[in-house]
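Enquirer: Curious how this folds, go ahead:
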Amino acid sequence: MILFPPSKLNLGLQIIAKRNDGYHNLQTVFYQFPLNDVLEILKDASLGHGTCKFSSTGLLIPSGQNLCEKAYFLLHKDFNLPGVKIFLHKIIPMGAGLGGGSSDAAYALRILNSLFDLKISSNKLMEYALELGSDCPLFIQDYPQYATGRGEVLEEVSVDLKGIYLLIINPNIHISTKEAFAEIQASQTEPCKHIVLQDISTWKENLSNDFEDSVFPKHVVLKELKSKLYDLGADYAAMSGSGSTLFGLFTEEPKLDSFPKDYFVWMNKL
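Expert: Predicted coordinates for the structure are as follows:
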């Protein structure tokens, strides 16, 4: 069975407070878009129960960051799964604020649920997904969602970017979660689920990502890329998640300048 795990944008991202468990309460709107990996999982009768063979092509996956295998073994604990082969073609940049690893993990759960007819409900799948990572539950569903808590409390929000041009730029900078949170300041603002329902022309003044204040001073190129997106005519530009991807939303198709060869650049009409 083959599925195509998508990427996500954060439309606004505010850190509300640090929690006693070490996580942070936040608010954000997750918007999925079709920059996809390719994930295939096949039954393999030659493999014993609880056996998973993983292979990948495309971008190199660092050791210990293969969430697809973790998804398999998470379900195996409860369902004694037969052996499988997992193939992942990795396209979504990693450590880039686009949720690629989380998406792969959630889609592995979705495939395994269907492949073995486990009849796991969406709500229960979301519980499994949360064990794999805070961003994983959002990919169990396919619509925009407003997230609170540590990102796991989700509700549907009716933002629609259909017809908007999306430009993604990643300068191949890795920003660790520890680095991103090192100097983050908690903020209290209007819920972004309200702002994204307003005309996109209002977002520049009202919709923010708190991580920009802590990340931009250390990585000036990211601040410069945000400015460049506005110079290209973006109606709204921001960093996604904790970086290092910048995105621009355009009502008119932008004329692209050249970017360094090692940058990841992607554009599509949504």
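
Enquirer: Please report the distance of residue 259 from residue 101.
Expert: From residue 259 across to residue 101, the span is 24 Å (CB to CB, to the nearest Å). C-beta here means a position set from N, CA and C on the backbone, and glycine is covered the same way.

Enquirer: who has more neighbours, those two?
Expert: Ranked by neighbour count (other CB atoms under 10 Å), residue 259 and residue 101 place residue 101 first, with 24 against 14.

Enquirer: What's the separation between the more buried one and residue 68?
Expert: 9 Å.

Enquirer: again with residue 140
Expert: For residue 140, the distance to residue 68 equals 15 Å [CB to CB].

Enquirer: between these two, who's got more neighbours?
Expert: residue 68 (27 against 23).

Enquirer: sec struct for that one, please.
Expert: helix (DSSP: H, G, I helix; E, B strand; the rest coil).

Enquirer: Could you pull up the contacting residues of it?
Expert: Contacts for residue 68 (CB atoms under 8 Å, 6 or more residues apart in numbering) come out as 39, 54, 86, 88, 104, 105, 108.

Enquirer: domains for the protein, by residue range?
Expert: 2-156, 165-269 (automatic domain parsing).

Enquirer: start to end distance for the shortest one?
Expert: In terms of CA to CA, to the nearest Å, the two terminal residues of domain 165-269 are separated by 4 Å.

Enquirer: Now do the buried residues in the strand or helix carrying residue 125.
Expert: Using DSSP states H and E, residue 125 sits in helix 122-132. By 16 or more other CB atoms under 10 Å, the buried positions in helix 122-132 come out as 125, 126, 128, 129, 130, 132.

Enquirer: same thing with stretch 195-211?
Expert: Of the residues in stretch 195-211, those buried (16+ other CB under 10 Å) are 195, 196, 200, 203, 207, 208, 209, 210, 211.

Enquirer: Then stretch 227-234?
Expert: Of the residues in stretch 227-234, those buried (16+ other CB under 10 Å) are 228, 229, 234.

Enquirer: just stretch 30-39 next, same as before
Expert: 30, 31, 32, 33, 35, 36, 37, 38, 39.

Enquirer: Pull up the gap between the fourth one and residue 9, please.
Expert: Distance, residue 33 to residue 9, using CB to CB: 6 Å.

Enquirer: what does the last one give?
Expert: Using CB to CB, one obtains 20 Å as the distance from residue 39 to residue 9.

Enquirer: Need the residue in this protein that's farthest from the chain's center.
Expert: In the chain, counting by CA atoms, centre = their mean, residue 46 sits farthest out from the average C-alpha position, at 34.6 Å.

Enquirer: ok, the closest residue to that one other than its chain neighbours - contacts?
Expert: In space, and not counting its chain neighbours, residue 46 is closest to residue 83: 7.3 Å by CB to CB, 6 or more residues apart in numbering. Taking CB under 8 Å, 6+ apart, we find residue 83 in contact with 43, 44, 45, 46, 47, 48, 49, 50, 51, 52, 53.

Enquirer: Give the other helices and strands that the helix ranked longest in the chain contacts.
Expert: Selection of the longest helix in the chain by residue count, based on DSSP state H, yields helix 100-115. Contacts defined by 3 or more CB pairs under 8 Å, 6 or more residues apart in numbering; DSSP states H and E place helix 100-115 against strand 2-3, strand 7-18, strand 38-43, helix 67-79, strand 84-90, helix 122-132.

Enquirer: pLDDT weak spots in the stretch 151-270 of the chain?
Expert: Counting by pLDDT under 70, the stretch 151-270 of the chain has low-confidence residues at 176-183, 185-188.

Enquirer: which residues of this protein fall in strands?
Expert: For the chain, the strands defined by DSSP state E cover 2-3, 7-18, 24-33, 38-43, 52-58, 84-90, 145-148, 153-156, 165-170, 236-239, 246-250, 264-269.

Enquirer: Using CSV, please lay out the ones you listed together with distance to residue 73.
Expert: Listed next are the strands of the chain as CSV, based on distance: least, CB to CB, whole Å:
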stretch, distance to residue 73
strand 2-3, 19
strand 7-18, 25
strand 24-33, 26
strand 38-43, 13
strand 52-58, 7
strand 84-90, 11
strand 145-148, 26
strand 153-156, 25
strand 165-170, 30
strand 236-239, 33
strand 246-250, 34
strand 264-269, 31
